[in-house]
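Trainee: How does the following fold in three dimensions:
(chains A, B, C, D, E, F, G and H)
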There are 8 protein chains.
Amino acid sequence: MIGWRARLGFLVPPGNPTVEAEMMRLAPAGVSLHFHRMVARGTPGALDGQSERNRMMIDNLDGSVELLAMVQPDVIVLAHTATSYELGREREAGLIARLEASSGTRIITAFGSVAQALARLGIRRLALGAPYSAETTLQGKAHLEASGFEVVKFDNLKGVRNIYDETAERAYGLARTVDAADAEAVFLSGTGMPTLSVLELLEADLGKPVISSASAMMWHALRLAGIGQSIPGYGRLLTLR
Amino acid sequence: MIGWRARLGFLVPPGNPTVEAEMMRLAPAGVSLHFHRMVARGTPGALDGQSERNRMMIDNLDGSVELLAMVQPDVIVLAHTATSYELGREREAGLIARLEASSGTRIITAFGSVAQALARLGIRRLALGAPYSAETTLQGKAHLEASGFEVVKFDNLKGVRNIYDETAERAYGLARTVDAADAEAVFLSGTGMPTLSVLELLEADLGKPVISSASAMMWHALRLAGIGQSIPGYGRLLTLR
Amino acid sequence: MIGWRARLGFLVPPGNPTVEAEMMRLAPAGVSLHFHRMVARGTPGALDGQSERNRMMIDNLDGSVELLAMVQPDVIVLAHTATSYELGREREAGLIARLEASSGTRIITAFGSVAQALARLGIRRLALGAPYSAETTLQGKAHLEASGFEVVKFDNLKGVRNIYDETAERAYGLARTVDAADAEAVFLSGTGMPTLSVLELLEADLGKPVISSASAMMWHALRLAGIGQSIPGYGRLLTLR
Amino acid sequence: MIGWRARLGFLVPPGNPTVEAEMMRLAPAGVSLHFHRMVARGTPGALDGQSERNRMMIDNLDGSVELLAMVQPDVIVLAHTATSYELGREREAGLIARLEASSGTRIITAFGSVAQALARLGIRRLALGAPYSAETTLQGKAHLEASGFEVVKFDNLKGVRNIYDETAERAYGLARTVDAADAEAVFLSGTGMPTLSVLELLEADLGKPVISSASAMMWHALRLAGIGQSIPGYGRLLTLR
Amino acid sequence: MIGWRARLGFLVPPGNPTVEAEMMRLAPAGVSLHFHRMVARGTPGALDGQSERNRMMIDNLDGSVELLAMVQPDVIVLAHTATSYELGREREAGLIARLEASSGTRIITAFGSVAQALARLGIRRLALGAPYSAETTLQGKAHLEASGFEVVKFDNLKGVRNIYDETAERAYGLARTVDAADAEAVFLSGTGMPTLSVLELLEADLGKPVISSASAMMWHALRLAGIGQSIPGYGRLLTLR
Amino acid sequence: MIGWRARLGFLVPPGNPTVEAEMMRLAPAGVSLHFHRMVARGTPGALDGQSERNRMMIDNLDGSVELLAMVQPDVIVLAHTATSYELGREREAGLIARLEASSGTRIITAFGSVAQALARLGIRRLALGAPYSAETTLQGKAHLEASGFEVVKFDNLKGVRNIYDETAERAYGLARTVDAADAEAVFLSGTGMPTLSVLELLEADLGKPVISSASAMMWHALRLAGIGQSIPGYGRLLTLR
Amino acid sequence: MIGWRARLGFLVPPGNPTVEAEMMRLAPAGVSLHFHRMVARGTPGALDGQSERNRMMIDNLDGSVELLAMVQPDVIVLAHTATSYELGREREAGLIARLEASSGTRIITAFGSVAQALARLGIRRLALGAPYSAETTLQGKAHLEASGFEVVKFDNLKGVRNIYDETAERAYGLARTVDAADAEAVFLSGTGMPTLSVLELLEADLGKPVISSASAMMWHALRLAGIGQSIPGYGRLLTLR
Amino acid sequence: MIGWRARLGFLVPPGNPTVEAEMMRLAPAGVSLHFHRMVARGTPGALDGQSERNRMMIDNLDGSVELLAMVQPDVIVLAHTATSYELGREREAGLIARLEASSGTRIITAFGSVAQALARLGIRRLALGAPYSAETTLQGKAHLEASGFEVVKFDNLKGVRNIYDETAERAYGLARTVDAADAEAVFLSGTGMPTLSVLELLEADLGKPVISSASAMMWHALRLAGIGQSIPGYGRLLTLR
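Mentor: Next up is the predicted model:
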């Protein structure tokens, strides 16, 4: 049976090409992955219009969750970090609760996974890098601080034409740029910028934990689905239960 | 860039867990896969109500295609064989033409891929196995014959509770059951029944080409997207340009 | 010489296809495996009539042991867990003693191996999963308790048509179902249900030892035959002397 | 499901340790092996008393077949070459026909497999090596000739204390001894003498096909069970359909 | 001894980071690589000022060759395609002859290697892709035509900020863009744009030879140095003597 | 992008064939290597005239650094140990400071890297082996002592015709010769004598750290460029941050 | 250069086929092996006449050593355990001293290596197994005791026709036979009986160090030649310096 | 049993370190190698005194053969090419015949193997390279011509201090030097100069068969001993029967 060990569902922004590619690299044997695109219009990945696209996705979440729940996933991941920035902590909590009730499925967000991951790693002070506009990056910083973390340094990726054209090599450079001596870890925000192939190298080079939205949401989804297996090669987070 | 060599989009029935798992096994380096669930309600994979679910998916195809097209795939695959049986050849052709025009993306169906694959292999007489009800299986046979193939033997899988719980091992047995001396190839219909892991073994054991909806639609999508690479291990079809 | 390091003999229920397949995966270099079917009639693997089949096998054990002993095994394993439930502790001890005396060969049972394995792992409280009828499962629980273990949670596999058609994937699900926070280990009973391929994954996911009749009887047979080698990949038991 | 591709049953002389070990090396994925010991008494593998042991096994074949058939094998192999020599061609044919009828299972013999294998390889003139007494070896030669083959050279292995203690290295030497320029192939008789690990080397060194009872009976059983897969590493026979 | 089989020297534009990286992937055992930077000033890799940089490198070639010759290479490669376009065929021939005489070392150019490679592959009609400005690309086309080849389609890479930031993935797209049905091969010009990792994929996808300045100059240098070894994985050229 | 993780530049004596070959073995993924030859004349690698060649290289360093800096390396390594002996500590410090200022690039020397490496390993007393003349070897010893190390034993390689023809096997012998019980480590000086392939073996055989100019300068360059990755197989130094 | 790391010489009884085969399995990279046969007559490997053959080898040792020393080994091993039993400790010491003086080469014996190995492992009480006659085995026991070890159990291999036909599988059985609870280690004497392939398995099964003449003499020779490398797979001795 | 497939004996000049090292690389499974040193005095491997050393070895051959024959080899190889040059064809034939008669073992020479190998490859015109003095090289040329081959080009290795210190890398260069367009093959004479690791590379680079004394004598010995197995990686000769 497909997904006999666990099934994980992911809701992705419609133009985001990255989540599927990165999650496929991480899935252990017996864990199947299922995807559905949220409803949005406009130019995918452009820095402009991101807020409107975020709101449109949020407004249509009920229908999106309903269809994805039909494949009976153990967990559904809302694979978009900036949605959480848009909603704020309280509205997000309410929305998730309502969707879980209607679908009968556990639902988590990318940002919620990041917060859990940082807690699991025992991190309080961190550096933040993101491929967003300066404004959205500030929102991200504020959201982290509202969640009890201290952001000792942060920056956004320069020269972005479209988030979805970015590469993990550029994410590597961004992480090197935002790292600081007093940061206990580096967090690369955004599910649209590929990061998996550089997390392990960054940890070797920076000597501290480096997580991304991608590594955090897979770690959180697996652990909630009862999969405790260590997945080496993508940073120490995924080797922890 | 994700999918720098090609991006392939797949529209799947909402409860179908198989297409994502099987397509991931076949994608060559640089080819990214993107998924979206079609709109349907009812018990996924049950033999009852399949026609209604088929019609609902067809009725909502425009919206489904629009969202999936936002990730800019080279080809979109309608990954559901029975849809073609439902529509018939002419209505399907019209629908596809309209969707291609509106989305600006090449669209193919699972069944259309099968027909192309059989032609590529030079097959005229074949055996058919399917996990459907007897009625849908007969529709499949009729559709193959309307497409110019001779179905020398056919049967449906016995004891199906839910198509989506089936295994490739059972598909192996089905192929052995329907094979006949005068069949030049065996075709296993249905994207919900896993088949990839047994295609190569079946070819070794039956001594003839064995294709499934899964192998045919990946082969067809890749070749249309300009990817000529041989993918060994899943039957001879995927080793041909 | 075949079996120069050790020879292990297994007496299996005649319709049981699983013991041979699973034991072959575990045998280290130089250890040969030898099989003989016990005498029984009726539908193999059916939940009905299991008691009668058990008794028939027990009644014919002398002849079965005599023939298998001709290949000069270091140990003979009575590879049927439910036989022990049928016999009870005392009658089993008497039977084994008599057979050892007549054949001059060390004889152990699947259940006896499980008790030894739990002791080796230092387990007192465990969860029990079995593919049997509810009655036989209760017998198993009682037998464990009579052996000094506390069964904190237990269940039988639902929807079994024939034990011998079951899969390790279903055994995985059963173990997840019966696991409980206060269980120090999970025990999957029954030599007819395949378990080997999921034991290591279950230990990773549940974070505690998981043993089955299969892993326990190979571990016990090897250690009695003087083979101390660690066999990784099937749970921590088989890595212990 | 265990043996989802095919199940093969083997009836072995009770003291024979070799058949199980050698068949395990050859079984392809999805093919399960099941064993049962025939009824015999006396010193296993000794050259003395072989005829009586043969007769006893033959007399009890009905019960042996009945029990092994309970695991529902596609084919049952009577894994003892000398039985055929004992019975002669006609009596053997009658016995097999009766057993097939009563058990509803296809039954083949080691020697019958050898004859099929030689035919498949297009061999008419061959050399014969055997671990038997001189008398039994002559019986083997006569049986081959009665089956239409010409035995251009033959010999038995010298210095045998017990067939079941022999090694493949000694079988290599035997094959080198009996080979002759006008032999188109070499046949090593007897399922008790290990041969598999030297067949490929012998073919490399002698430059002609080399088969044994072991390679022939697995080849024949697989092909009858519909398994056409090539199994490299044990001589060219097992690479042919 | 370092380079006991052959030593190859490469003269590279000072800001070019690509030649060293790509040549290291191709060097067979016993062949050592040695590098020296030609003299130029200005912004490396910018499309502007390329002609002046070309001329400066040419003017200082004598000194560059003298120093690189001290490591006693079997062949020196002038690893810059556009130099040949700048010089024209006659002046280049004269320059090379003079440098060979003064240094006592065989000297070849990237473009000369391309012409040899196309001849070896039997190509007359080809497609051309380049990362240059439109003007330089036209120069390249003219130079190919002056050398007797027909350029059936050509284009330059769009959106280049700096040639040295380009990726092989973009080179893949360029090759797909310029390919045409009547092109017998595709040639990717320019040693600054990485190409090696996509040549084999391009050949699989386009079904025809695909060479680049990099593959051609290593092939030519090796063959002149007497190294006939096939180097698989980078297009068929490097598998030919 | 080539060298997206780091770019390392190396200035090598013009006739030195060893630095390029050895550095290529050590570069981790994403780290690119770039080379330029310093200006010198005379017979490369000969023991005679080494001082004059050293001075000529030093006199032309500004131009050499300028050209190599055009490829934008994170660090430039002056890959010649004896240059430091020639300059002495103070003049070297001044020269490096001036070149760093003019080029805007971090510049290190082979000898400076050795001193850092010894400090990192906590070594104070060491043995020294070199392929130089006796005089230059004494210079090396004095330079080490001036840097605060105690040289408990030292020797130069006997029978050198040309340093650049030497082998790592001979370097192994040299290290065995100079090792002493009270040496905490062995240092093999000189970038022209290959050493990488024997460092790990030497550490196994001598039971203490063994470094060479090659291993030290790569370790130092990587760490300065922010690359903390462990590179196993070349002695313990390269496994330390 | 052949043997650039070390050269080891072995003097073997002329009919002994085992030493060469076993030493080849153990030699690390860069260590060459050189062999010479001692002078003896009679049936090699027979239990009869061993003493005379021993004496003849001893009488001709000077010439044997002289020839083998011409290949300039770092150490010469007298690869015959029973020679030491024949000579006794004092005469052996004198002989070795004289030969070392005349040849200028370090000379060790198999038995001397065993004594060193036991000391290195910290063993005082051991079990002894040997392929010799009962008398020679007793000599071996006495020699061990004279060297300060306690032999808690010992036996010779039964059924030996010729030592040189024995197998490592039989040596495994011998070790199992002589092992005792109070033995801290097992020693398998005799360079003619193969043991290497079972030492690691024996350690796994017996849970204590198991050495043989073969493992001891290679360990001792390597360590004396300054090779400290760990050689895994043949018991813990060879992993110690 | 050691050498159960074949045993090969080699008589080597006492100071020759190369034959043992090279033969060990070539021996297939089940083929054991046994060595004995011929009697000679003087400086091993020196070009001076080679004739006297040759004569001394020849004079003592009877005793050398007698001892080596005690290990019961299938073939004894006189592993010294120059011996044949010394003896001439007739005297060699007589000597070999006498030794074969006395020892009852097949005896071959390195040069005789070369002649057989050239015949097997169908070579008549060849190039000759040797590490000898000019005089001995001329003897080799004359001996080849007396055997019916045409030597189109030949040379000896320059700068030899001692043959036994030479490397395969130098042998590679020698082969490149002596190769000529009209040579159908290259032959590297002399068992003291290592050649095995470069034969395959030379064939790739020169495009014709390249054999050495080493490859020829192993090929000849194996084929005479009835071992027909292909040994890839050392030139095409060893892949032929």
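Trainee: From chain C, how far off is the residue in chain A sticking out farthest from the centre?
Mentor: Among residues of chain A, the one most distant from the C-alpha centroid is residue A:1; the distance is 28.0 Å, by CA atoms, centre = their mean. For residue A:1, the distance to chain C equals 6 Å [CB to the nearest CB, to the nearest Å]. For glycine as for every other residue, the C-beta is placed from the backbone atoms N, C-alpha and C.
Trainee: do residue A:213 as well
Mentor: Distance from residue A:213 to chain C, by CB to the nearest CB: 24 Å.
Trainee: What about that residue? Give its phi and psi, please.
Mentor: Torsion angles at residue A:213 (phi, psi; degrees, to the nearest 10) stand at phi -50, psi -40.
Trainee: Do I have it right that it meets residue A:189?
Mentor: Yes: contact criterion CB atoms under 8 Å: residue A:213 and residue A:189 qualify, at 5.9 Å.
Trainee: if I look at those two, which residues touch both of them?
Mentor: Common contacts of residue A:213 and residue A:189 (CB atoms under 8 Å, 6 or more residues apart in numbering or on different chains): A:81, A:114.
Trainee: circling back to that earlier point, isn't the residue farthest from the centre of chain A up against residue B:167?
Mentor: Yes: contact criterion CB under 8 Å: residue A:1 and residue B:167 qualify, at 6.7 Å.
Trainee: near chain F, which residues of chain A?
Mentor: Applying CB under 8 Å from any CB of the partner chain, we find that chain A lies next to chain F at A:169, A:170, A:172, A:173, A:176, A:201, A:204, A:205, A:206, A:207.
Trainee: which non-adjacent residue is nearest residue A:192?
Mentor: residue A:163 (4.2 Å; CB to CB, 6 or more residues apart in numbering or on different chains).
Trainee: ditto for residue A:202
Mentor: Using CB to CB, 6+ apart and skipping residues adjacent in sequence, the residue nearest residue A:202 is residue A:210, 4.2 Å away.
Trainee: now that neighbour: how far from residue A:235?
Mentor: Applying CB to CB, to the nearest Å, the value for residue A:210 to residue A:235 is 6 Å.
Trainee: So these two - more neighbours on which side?
Mentor: A direct count of neighbours by other CB atoms under 10 Å in any protein chain shown for residue A:210 and residue A:235 places residue A:210 higher, at 31 against 27.
Trainee: quick one: contacts for the residue most central in space within chain A?
Mentor: By CA atoms, centre = their mean, chain A has its centre lying nearest to residue A:213, at 2.8 Å. Residue A:213 sits next to A:79, A:81, A:110, A:111, A:113, A:114, A:188, A:189, A:190, A:191, A:195 when contact means CB under 8 Å, 6+ apart.
Trainee: helices or strands up against the lengthiest helix in chain A?
Mentor: In chain A, taking DSSP state H as the definition, the longest helix is helix A:81-103. With contacts taken as 3 or more CB pairs under 8 Å, 6 or more residues apart in numbering or on different chains; DSSP states H and E, helix A:81-103 sits against helix A:50-59, helix A:61-69, strand A:106-109, helix A:110-121, helix A:134-146.
Trainee: so which of those comes closest to chain B?
Mentor: Taking CB to the nearest CB, helix A:61-69 is the member of these nearest to chain B, at 4.5 Å.
Trainee: Pull the number of nearby residues for the closest residue in space to residue A:61 that isn't next to it in sequence.
Mentor: Ranked by CB to CB, 6+ apart and with sequence neighbours excluded, the top spatial neighbour of residue A:61 is residue A:99, at 6.3 Å. Neighbourhood size, residue A:99 [other CB under 10 Å]: 19.
Trainee: Just give me the neighbour total for the residue nearest to residue A:80 when sequence neighbours are not counted.
Mentor: Distance criterion CB to CB, 6+ apart; nearest residue to residue A:80, sequence neighbours excluded, is residue A:13 at 5.5 Å. By the criterion of other CB under 10 Å, residue A:13 has 30 neighbours.
Trainee: what does the one 3 residues further on give?
Mentor: Burial measure for residue A:16: 27 neighbouring residues, criterion other CB under 10 Å.
Trainee: pretty sure it is in a helix, no?
Mentor: No: read with DSSP: H, G, I helix; E, B strand; the rest coil, residue A:16 is coil and lies in no helix.
Trainee: Contact partners for it?
Mentor: Contacts for residue A:16 (CB under 8 Å, 6+ apart) come out as A:44, A:45, A:79, A:80, A:164, A:191, A:192, B:71.
Trainee: just checking, the fifth one touches residue A:21?
Mentor: No: the pair formed by residue A:164 and residue A:21 falls short of the contact definition of CB under 8 Å, at 10.8 Å.
Trainee: For these two, work out which one has more neighbours and name it.
Mentor: A count of neighbours by other CB under 10 Å puts residue A:164 above the other of residue A:164 and residue A:21, at 23 against 20.
Trainee: Nearest residue to residue A:182 in space, please, no chain neighbours.
Mentor: In space, residue A:182 comes closest to residue A:152 once its chain neighbours are excluded; the distance is 5.2 Å by CB to CB, 6+ apart.
Trainee: can you check residue A:35 too?
Mentor: Of all residues not flanking residue A:35 in the chain, residue B:35 sits nearest, at 4.1 Å (CB to CB, 6+ apart).
Trainee: May I have the beta-bridge partners of that neighbour?
Mentor: residue B:10 (DSSP bridges).
Trainee: Need the per-residue pLDDT for it.
Mentor: What the model reports as pLDDT for residue B:35 is 98.
Trainee: Quick one: find the helix or strand in chain A with the lowest mean pLDDT.
Mentor: Counting by mean pLDDT, DSSP states H and E, chain A has its least confident helix or strand at helix A:50-59, which shows a mean of 86.
Trainee: Quick one: neighbours of the residue nearest to residue A:35, just the number.
Mentor: By other CB under 10 Å, 25 other residues sit near residue B:35.
Trainee: That one is in contact with residue A:20, isn't it?
Mentor: Yes: the pair formed by residue B:35 and residue A:20 meets the contact definition of CB under 8 Å, at 6.7 Å.
Trainee: I'd like to know how far the residue nearest to the centre of chain A sits from chain B.
Mentor: According to CB to the nearest CB, residue A:213 and chain B sit 15 Å apart.
Trainee: now residue A:219
Mentor: As judged by CB to the nearest CB, residue A:219 and chain B stand 20 Å apart.
Trainee: pLDDT at the residue in chain A positioned nearest to chain G, what is it?
Mentor: Nearest residue of chain A to chain G (CB to the nearest CB) works out as residue A:232 at 23.0 Å. As predicted, residue A:232 sits at a pLDDT of 97.
Trainee: Apart from its chain neighbours, what residue comes closest to it?
Mentor: residue A:239 (5.7 Å).
Trainee: got it, and residue A:177?
Mentor: Nearest non-adjacent residue to residue A:177 (CB to CB, 6+ apart): residue A:155, at 5.8 Å.
Trainee: Secondary structure element holding the one you found?
Mentor: strand A:150-156 (DSSP states H and E).
Trainee: who does that strand pair up with?
Mentor: Taking DSSP bridges as the criterion, strand A:150-156 sits next to strand A:125-130 (parallel) in its sheet.
Trainee: So for the strand it pairs with, what gets flagged as buried?
Mentor: Going by neighbour count (16 or more other CB atoms under 10 Å in any protein chain shown), the buried part of strand A:125-130 is A:126, A:127, A:128, A:129, A:130.
Trainee: hmm, back to that, right, and the residue nearest to residue A:202 touches residue A:184 too?
Mentor: No: contact criterion CB under 8 Å: residue A:210 and residue A:184 do not qualify, at 10.9 Å.
Trainee: In chain A, what residue comes closest to chain E?
Mentor: For chain A, CB to the nearest CB, closest residue to chain E: residue A:167, 7.8 Å.
Trainee: ok, back up a step: please enumerate the shared neighbours of residue B:35 and residue A:20.
Mentor: With CB under 8 Å, 6+ apart, residue B:35 and residue A:20 have common neighbours residue A:35.
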